[in-house]
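Trainee: give me a model of this one.
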Amino acid sequence: MRRVIARHPFCLTESGVPASVKGITPELVTAESVTTGRRRHPVKQVGPVITRQDRRDVTGAEAEAVRAMTRLGFTCHTHPDAAPARVPTPLRTASALLGGACPEA
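Mentor: So this is what the prediction gives:
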């Protein structure tokens, strides 16, 4: 499939993407990501691998890369699975130290 990513045309195939990222250790997912096979890679990592562009060029073209991956049949995720850790408030900390239960705010 011919796609334009960051103003450059590329010919991407469904079998070519997993072959390109094979052997690459996935980085920590903090933003948009794509599942290739059994691994989940950040779009900022997959984009430069399949397009052979500089990593800085892909940051502005993430939406284009996500659209291309979705059109090829890959599952794209908009946010990481892990929820951010809750920071306890001073009231909750004091209540836990005293053995009481603090109602959820």
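
Trainee: quick one, strands of this protein?
Mentor: With strands called from DSSP state E, the chain shows them at 2-5, 8-11, 33-36, 39-42, 75-77.

Trainee: just checking, what packs against the longest helix along the chain?
Mentor: When the chain is parsed with DSSP state H, its longest helix is helix 62-72. Here helix 62-72 touches strand 2-5, helix 43-51, strand 75-77, going by 3 or more C-beta pairs under 8 Å, 6 or more residues apart in numbering; DSSP states H and E. C-beta coordinates here come from the backbone N, C-alpha and C atoms, glycine included.

Trainee: which one, of the ones you listed, ends up nearest to Thr25?
Mentor: Closest approach to Thr25 among these is made by helix 43-51 (9.4 Å; C-beta to C-beta).

Trainee: now the closest one: mean pLDDT?
Mentor: The pLDDT scores in helix 43-51 average 79.

Trainee: if we can go back for a sec, the strands of the chain: which one's closest to Pro18?
Mentor: Proximity to Pro18, assessed across the strands of the chain by C-beta to C-beta, is greatest for strand 33-36 (4.8 Å).
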